[in-house]
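*Asks:* got a sequence here, can you build the structure:
(2 chains)
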Number of protein chains: 2
Amino acid sequence: MVTLAAIQQAKQKLAPYIFETPLIRLAGLDELLGCQVYVKAECMQKTNSFKIRGALNKMLSLPAEQLQNGVVAASSGNHGKGVAFAAKLLGIKATIVLPDTAPQIKVDGIRALDAEIVQCKLAERHIIAKKLSDQYGYTIIHPYDDYDIITGQGTAGLEIMAQLPAVDCVVVPIGGGGLIGGIATAVKSINPQARVIGAEPAVLSRYEKSRKAGERVLVEEKASLADALLTLQPGEKNFPIFQKYVDDVVGVKEEYLAGGVKTLLLEGKILAEPSSAIGIAAALQGSLRITKEDKVCFLVSGGNVSLSQLAKL
Amino acid sequence: MVTLAAIQQAKQKLAPYIFETPLIRLAGLDELLGCQVYVKAECMQKTNSFKIRGALNKMLSLPAEQLQNGVVAASSGNHGKGVAFAAKLLGIKATIVLPDTAPQIKVDGIRALDAEIVQCKLAERHIIAKKLSDQYGYTIIHPYDDYDIITGQGTAGLEIMAQLPAVDCVVVPIGGGGLIGGIATAVKSINPQARVIGAEPAVLSRYEKSRKAGERVLVEEKASLADALLTLQPGEKNFPIFQKYVDDVVGVKEEYLAGGVKTLLLEGKILAEPSSAIGIAAALQGSLRITKEDKVCFLVSGGNVSLSQLAKL
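*Replies:* This next block holds a predicted model:
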């Protein structure tokens, strides 16, 4: 279960190790996006993404003797970096299973934290993580389908509610659903009137389809610029939380994703990766039901993007 | 004269037209820069630089009949954009005299605000502005050597002191000295213990030389990556304020300027132009007398930089 009380406890537990990230008012984007724009800048978090919150919360909850055997994580990059950072902090071994397509900056960031890296096809990453776990006794640190992970990510939601109590709407990128599950639990528990909207790549609309079907739909693998949001099916533990708390989910077309990054960088002066600017992209696409008066907080989930990737956009 | 009371009045006057920019805690840079890092993000200001503060304060202080004749400003770009924005707001004509070397993004930004643009050699911009003033009756809006301009820029200092009352040190880029004069007046009037440090290109160390000489030294023209800080002599009205209030000035070598931009962008996730990241560059160069415990606010003065300029760094 994920509860407000558990998220509050996680916040205490994580406080010595992570940053309370800034919530930045970007008035210069108001006219363009059609609301009062605020950014929760997890791109400025330690490891440059929110993933450290869940990974560290999970690992701090494991018994010491289990931790000593090491951990393994399947990741598109940011979760792996969070796990690698937490492992280094705790003095244990981490193995990160990444898709062949992971951006180099993410691979390099994980390597710099002394984790072992295994690369494979995107669809095989969880199978390989499981194999390594069976073979070496590593504990699997799942990127989203785990209550401790979801609870850890929820601490970003607690911070938002403390930094901007009058927030009308929080827009959150969706991959597997760990981040939005934690944030929605925190936000809705504190203020049921605040809305939480998910943004996912339109080519991988697993949450929109699942919401309509009332069950977890598996979608076909597709390429997307949003390299951190490539999950093909909502998590088992994540989907019920989504159903309970999330007001809406919008699919963002590929052609808007680069626009989201560019707008945030060139107009807003904040650097985010394409997956993380997807909420801004959703607003540019005109898909968010928001008004000029609404205080909208865009969760900018990560900033692990290189100048050469930017140049390609 | 520039006084705290005048800056407070300017703040009231400007409030309907400009943004209170965010003061962002960038904990991720603490270790690298050797202090507790805060950024006053004037790159997120309307027109993407602080210059709108002074330009609009000056223009709002002019009699309506004088304004109707139009204004002219010599500028490296950001001041021109501020004047053009203010002129558009007030419904009057603006002519901006820019050096041939002004970055294209600044020229385009000014043109988009419907101002007339005249380009010339760097050293001639003030002479040409004076000629146009004589010929057409335009009022000159000086980029820094004017009490109303300095007072307007000082409103950024007021905001810093409200946003971070415990600030130990404010680091400010120096060109002509308009920004640091206003900020130092505000900061020191509120807390004389807080330090104010200027950062200028080492190749154009007019303030360091003038401080030693006790008078305004004219330095030789040199190229610098800091295209907004090319002034060759401290302003007449600016220098005494600098002498009264500024604790220190450091010269930043060219090779550190690009590093300042890169660090702020890739580690801090904030986009600034080279002139504006000069304080960060000064810290990287090891030239600031600051300690790990000091709360240091880096005034990031502007963000008018294009992706193609970035690529060259």
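*Asks:* now do the SS call for the spatially most central residue of chain A.
*Replies:* Nearest to the mean C-alpha position of chain A, counting by CA atoms, centre = their mean, stands residue A:179 at 4.8 Å. Of the three states, residue A:179 takes helix under DSSP: H, G, I helix; E, B strand; the rest coil.
*Asks:* ok, it touching residue A:302?
*Replies:* No: judged on CB atoms under 8 Å, residue A:179 makes no contact with residue A:302 at a distance of 10.1 Å. In short, each C-beta sits where N, CA and C put it, glycine included.
*Asks:* joint contacts of these two?
*Replies:* residue A:50 (CB atoms under 8 Å, 6 or more residues apart in numbering or on different chains).
*Asks:* could you look up the SS state of residue A:171?
*Replies:* Residue A:171 ends up strand, using three-state DSSP.
*Asks:* and residue A:242, which of the three is it?
*Replies:* Applying three-state DSSP: residue A:242 is helix.
*Asks:* residue contacts, the residue nearest to the centre of chain A?
*Replies:* Residues in contact with residue A:179, defined by CB under 8 Å, 6+ apart, are A:50, A:144, A:153, A:156, A:172-173, A:299, A:301.
*Asks:* list the ones among these that fall in helices.
*Replies:* Assignment to helices by DSSP state H places the following of the contacts of residue A:179 there: A:153, A:156.
*Asks:* filter the contacts of residue A:179 to the buried ones?
*Replies:* A:50, A:144, A:153, A:156, A:172-173, A:299, A:301 (16 or more other CB atoms under 10 Å in any protein chain shown).
*Asks:* ok, so of the residues you listed, who is nearest residue A:275?
*Replies:* Checking these against residue A:275 with CB to CB, the nearest one is residue A:173 at 5.7 Å.
*Asks:* quick check: residues of chain A near chain B?
*Replies:* Proximity of chain A to chain B (CB under 8 Å from any CB of the partner chain) is limited to residues A:19, A:22, A:24-28, A:41, A:43-46, A:48, A:265-266, A:268-272, A:303, A:307, A:310-311.
*Asks:* could you tell me which of these count as buried?
*Replies:* A:19, A:22, A:24-28, A:41, A:43-46, A:48, A:265-266, A:268-272, A:303, A:310.
*Asks:* of those residues, which belong to strands?
*Replies:* The strands, defined by DSSP state E, take in A:24-25, A:41 from those.
*Asks:* now, which of these sits nearest chain B?
*Replies:* Chain B lies nearest to residue A:24 out of these, by CB to the nearest CB, at 4.8 Å.
*Asks:* which residues in the stretch 1-150 of chain A form strands?
*Replies:* A:23-25, A:36-41, A:71-74, A:94-99, A:116-120, A:139-140 (DSSP state E, counting those that start in this stretch).
*Asks:* a markdown table for these, including mean pLDDT?
*Replies:* Formatted as a markdown table, those follow (pLDDT from 0 to 100):
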| stretch | mean pLDDT |
| --- | --- |
| strand A:23-25 | 98 |
| strand A:36-41 | 98 |
| strand A:71-74 | 97 |
| strand A:94-99 | 96 |
| strand A:116-120 | 96 |
| strand A:139-140 | 98 |
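*Asks:* quick one: closest of those strands to residue B:7.
*Replies:* strand A:23-25 (21.9 Å).
*Asks:* where does the stretch 151-300 of chain A have low pLDDT?
*Replies:* Applying pLDDT under 70 to the stretch 151-300 of chain A flags no residue at all.
*Asks:* what are the boundaries of the helices in it?
*Replies:* A:178-190, A:206-213, A:238-245, A:254-262, A:278-284 (DSSP state H, counting those that start in this stretch).
*Asks:* and the angle for the longest one with helix A:206-213?
*Replies:* Think helix A:178-190. Relative orientation of helix A:178-190 versus helix A:206-213 (axes from the mean of the first three to the mean of the last three CA atoms, to 10 degrees): 60 degrees.
*Asks:* give me the angle between helix A:178-190 and strand A:169-173.
*Replies:* 160 degrees.
*Asks:* next: the third one.
*Replies:* Here helix A:238-245 runs at 160 degrees with respect to strand A:169-173, directions being taken by the same axes, to 10 degrees.
*Asks:* which neighbouring elements make contact with helix A:238-245?
*Replies:* In terms of contacts (3 or more CB pairs under 8 Å, 6 or more residues apart in numbering or on different chains; DSSP states H and E), helix A:238-245 is packed against helix A:178-190, helix A:206-213.
*Asks:* buried residues, that helix. List them.
*Replies:* Buried-residue list, helix A:238-245, by 16+ other CB under 10 Å: A:238-239, A:241-242, A:245.
*Asks:* for the second one, same thing?
*Replies:* Of the residues in helix A:206-213, A:206-211 count as buried by neighbour count, 16+ other CB under 10 Å.
*Asks:* for stretch A:116-123, which positions count as buried?
*Replies:* A:117, A:122.
*Asks:* show me the contact partners of that stretch.
*Replies:* With CB under 8 Å, 6+ apart, stretch A:116-123 has contacts from A:80, A:93-102, A:107, A:110-111, A:128, A:132, A:221, A:230, A:232.
*Asks:* show me the domain layout of chain A.
*Replies:* Domain segmentation of chain A under automatic domain parsing yields A:4-48+A:153-312, A:52-140.
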